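Trainee: Provided below for reference: sequence and predicted model.
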Amino acid sequence: MTIDSAVFLFAGIVNLLGLVLAVVFSPYWLILCALVGFNMIQTSFTGFCPPAILFKKLGMKPGPAFFKSQQ
């Protein structure tokens with residue numbers, strides 16, 4: 001698994017978790033979904049993605065979407 005697919009998997013899981021928590025407990029959990037969406041938007045412009053940095057430190061191989069300028 002590359003960093004790219006791990007980031008997309010992580011974002012999807014956190015988004016779905018936020019939706020489930022919003023339905024079950026409180027609509028304030030939708031803020032989590034908004035934060036995930038905001039992070040995806042800013043990553044597309046800046047290339048800075050905290051989960052990608054974490055996955056790289058854990059030893060995952062970079063894919064084509066992240067760390068282009070750092071290779």
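Mentor: Looks like it came in fine. Residues are numbered from 1 along each chain as shown.

Trainee: rest of the way, CA atoms for contacts and neighbours
Mentor: Fine.

Trainee: Helices of the chain, residue ranges please.
Mentor: 3-24, 30-46, 50-57 (DSSP state H).

Trainee: Quick one, which of those gets closest to residue 63.
Mentor: helix 3-24 (5.5 Å; Cα to Cα).

Trainee: Pull the distance from that closest one to the chain's centre.
Mentor: Put simply, helix 3-24 sits 8 Å off its chain's centre (Cα atoms, centre = their mean, to the nearest Å).

Trainee: List the contacts of it.
Mentor: Applying Cα atoms under 8 Å, 6 or more residues apart in numbering, the contact partners of helix 3-24 are 27-33, 36, 51-52, 55-56, 60-66.

Trainee: try 7 Å
Mentor: Contact partners of helix 3-24, identified using Cα atoms under 7 Å, 6 or more residues apart in numbering, comprise 28-30, 32-33, 36, 51-52, 55-56, 60-63, 65-66.

Trainee: mind checking how far residue 33 is from residue 11?
Mentor: Distance, residue 33 to residue 11, using Cα to Cα, to the nearest Å: 9 Å.

Trainee: my bad, should have said residue 54
Mentor: Remark: distance between residue 54 and residue 11 (Cα to Cα) = 13 Å.

Trainee: swap in residue 57?
Mentor: To residue 11, residue 57 is 18 Å away according to Cα to Cα.

Trainee: who has more neighbours, the two?
Mentor: Legend: neighbour count by other Cα atoms under 10 Å for residue 57 and residue 11, higher for residue 11 (18 against 10).

Trainee: Give me the distance from stretch 2-11 to the chain's centre.
Mentor: Taking mean C-alpha positions (Cα atoms, centre = their mean), stretch 2-11 and its chain are 7 Å apart.

Trainee: Could you pull up the mean pLDDT of that stretch?
Mentor: The pLDDT scores in stretch 2-11 average 93.

Trainee: With stretch 22-35 instead?
Mentor: Here the average pLDDT along stretch 22-35 is 97.
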